[in-house]
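Peer 1: Next input, structure requested:
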Amino acid sequence: MAEPILSVVGISKRHKLPKENLFAKSRSLQVLQDVSFSVSRGEVLGIVGPSGSGKSTLASIIAGAVPCDAGNIRFRSTDISDLHGVDRRRSRREIGMVFQNPFGSLSPKMDILSQVAEGLHIHRLGAASERRQRAREALLEVGLSESLFDRRPRQLSGGQAQRVALARCLVLRPSFLILDEATASLDVSVKAGIINLIRRMQRNLNIACLFISHDIAIVEHLCDRVAVISEGKLVEEGKTRAVFAAPSHPTTASLVAATLNNRQRVVMDDALPNPSERETSLDRQNVIRPSFNAVELALKGA
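Peer 2: Numbering: from 1, shown residues only. Down below sits the predicted model:
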């Protein structure tokens, strides 16, 4: 394996639980316990596990949004666990994060072109006259047409908003991208386009990615390696197809079995038509769990 761009060493985290009453003792829950792994440049590592296993907490710690209780995170051989000021801003520029709900990370008051350009302003990248042009290029790169550039997030579909979130990260040219359930709330046909976009961008820019999901089918096709988390512990790690073909831990086996029972499969196709042409307003509350045939047809552009 090549030298890692990111190393997570012995990360542990406890969350305080609310008191039952004023006189009750303080309680806490062990969310992560001694989690360690590494990601090489250009590699995609999948993090899978059941709901509540600690996946999103781990992502937030790596992104610097939440402190860890123990352990450290090394990015490009530098400990970024407790950075401040200019050093923290520099590390956040190189580590992008895309969340499950893109509307929660976008300002409802700004048009999408201004929001993408804002990151360049915050990190003082390029001259003021260049920033909007670079933002335009990033939005076009993720498949959005110029007719959408002056729209507010509420005027976009879920898939279009997720593309804006990706553009906000990519305009900074990060070395590492965290995708936390980035396709979980999308309709199957829109999900297909986002998956293919992520794979194309990752390959073209040689970005290392941490892809957090509970969807085994997508992880199998997108990720080089996979790490399985159960009850806050990393219980299995290895080449994706090898792990899923012969799981050694009950949690992995149950996740694989659930995927087979649902008969879901993702077929990657870089020649898909631009999904933004087909995206319409979605019901953002309801997630469709389609059959095998529906997934395959959508990914083939039928």
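Peer 1: What's the mean pLDDT across stretch 226-235?
Peer 2: Average pLDDT, stretch 226-235: 95.
Peer 1: actually stretch 118-131, not the one I wrote
Peer 2: 88.
Peer 1: And whichever helix or strand residue 134 is part of, what's buried?
Peer 2: Using DSSP states H and E, residue 134 maps to helix 128-141. For helix 128-141, a neighbour-count test (16 or more other CB atoms under 10 Å) marks 131, 132, 134, 135, 136, 138, 139, 141 as buried. Where you see a C-beta, it was placed from the backbone N, CA and C, and this is true even at glycine.
Peer 1: which residue ranges form the helices in the stretch 51-200 of the chain?
Peer 2: Counting by DSSP state H, counting those that start in this stretch, the stretch 51-200 of the chain has helices at residues 55-63, 85-94, 102-105, 112-122, 128-141, 158-170, 188-205.
Peer 1: and the shortest one, what does it pack onto?
Peer 2: Read it as helix 102-105. helix 158-170 (3 or more CB pairs under 8 Å, 6 or more residues apart in numbering; DSSP states H and E).
Peer 1: How far off centre is the helix it packs on?
Peer 2: 11 Å (CA atoms, centre = their mean, to the nearest Å).
Peer 1: Just the C-alpha atoms of it, please, in CSV.
Peer 2: Taking C-alpha atoms only, helix 158-170 is exported to CSV below (Å, rounded to 0.1, in the frame of the first residue of the first chain):
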residue,chain,number,x,y,z
GLY,A,158,-32.3,16.9,-4.0
GLY,A,159,-29.9,15.7,-6.6
GLN,A,160,-29.1,19.2,-7.9
ALA,A,161,-28.5,20.4,-4.3
GLN,A,162,-26.1,17.5,-3.7
ARG,A,163,-24.2,18.5,-6.8
VAL,A,164,-23.9,22.0,-5.5
ALA,A,165,-22.5,20.6,-2.2
LEU,A,166,-19.9,18.6,-4.2
ALA,A,167,-19.0,21.7,-6.2
ARG,A,168,-18.4,23.6,-3.0
CYS,A,169,-15.8,21.0,-2.0
LEU,A,170,-14.3,20.5,-5.4
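Peer 1: All further residue positions should be reported with the first residue as 43.
Peer 2: That works, and once the first residue is 43, the last one we named lands at helix 200-212.
Peer 1: pLDDT of it, averaged?
Peer 2: 91.
Peer 1: gap between residue 111 and residue 162?
Peer 2: 34 Å (CB to CB, to the nearest Å).
Peer 1: cool, residue 195 as well?
Peer 2: Taken as CB to CB, the span from residue 195 to residue 162 is 19 Å.
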